[in-house]
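Asks: sequence and predicted model, in that order:
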Amino acid sequence: MRRMMGLLAALLTIAPVGAEPRNPLDALPLDALTATRERPLFRPTRRPPAPVPVVAPAPESPPDAASVAVTAPPPFDLVGAVVGRDTAIALLRNRTTNQILRLRPGDDAEGWRVATIGSRTVALERDGRTQSLALLATPPPPADAQVAGEPQPAESAAAPPVEAKRIAGRTRPER
């Protein structure tokens, strides 16, 4: 069926030899139709659109230190928050010094002002920009904490000795 439809469509498009085309514009090549490009029909001014000027992109200059400091996120992690009826305190850990800061709304730390404190978030403001910190699921271990897989010292690695307990004339290990 599909083959027959394709054959029928091909027969309808073929004009008999020596017959004139149905539309006289079919005989003209598109390159010969310059007037429609010079005076477009569907433009109110009947003028072609102005050519778009090609502008070379400006070379990027390296960012200065002031703009980098403005866009840098705060160097803190939220490790705790205390929110009560009359008070709110955020516990922030400075990532560079590992110092814990206790801040209330309005307090400043390294140029960041505490705007609001929620039970699991804190909003910090700097230069009209607000950055929100969420409470860490598990706080990072202290720098001096032992890493998993490291060998422990010999005295803590040995199991404590099993003490014997005397019960009704028998001796058995204590559990």
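Replies: It's in.

Asks: residue boundaries of the helices in the protein?
Replies: In the chain, helices defined by DSSP state H lie at 2-13, 35-38, 65-71, 154-157, listed in chain order.

Asks: and these, which one's lowest on average pLDDT?
Replies: Per-stretch mean pLDDT for the helices of the chain is lowest at helix 154-157 (a mean of 48).

Asks: show me the strands in the chain, by range?
Replies: Taking DSSP state E as the test, the strands found in the chain are 76-83, 88-94, 100-103, 108-109, 112-117, 121-126, 129-134, 164-167, 170-173.

Asks: for the fourth one, the averaged confidence score.
Replies: For strand 108-109, the mean per-residue pLDDT is 91.

Asks: sheet partners, orientation included, of it?
Replies: strand 112-117 (antiparallel) (DSSP bridges).

Asks: tilt between the partner strand and strand 88-94?
Replies: 140 degrees (axes from the mean of the first three to the mean of the last three CA atoms, to 10 degrees).

Asks: turn the strands of the chain into CSV, columns for distance to R22 and mean neighbour count.
Replies: Bear in mind the C-beta positions are built from the backbone N, C-alpha and C, glycine included. Formatted as CSV, the strands of the chain follow (distance: least, CB to CB, whole Å; neighbours: other CB atoms under 10 Å):
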stretch, distance to R22, mean neighbour count
strand 76-83, 77, 17
strand 88-94, 81, 20
strand 100-103, 84, 14
strand 108-109, 82, 14
strand 112-117, 75, 18
strand 121-126, 73, 19
strand 129-134, 68, 13
strand 164-167, 113, 10
strand 170-173, 108, 8
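
Asks: against L25, how distant is I117?
Replies: 75 Å (CB to CB, to the nearest Å).

Asks: again with T71
Replies: Distance, T71 to L25, by CB to CB: 60 Å.

Asks: give me the below-cutoff pLDDT ranges for this structure.
Replies: Scanning the chain for pLDDT under 70 picks out 1-21, 63-70, 137-175.

Asks: hmm, try it at 50
Replies: 149, 155-158 (pLDDT under 50).

Asks: cool, thanks, signing off.
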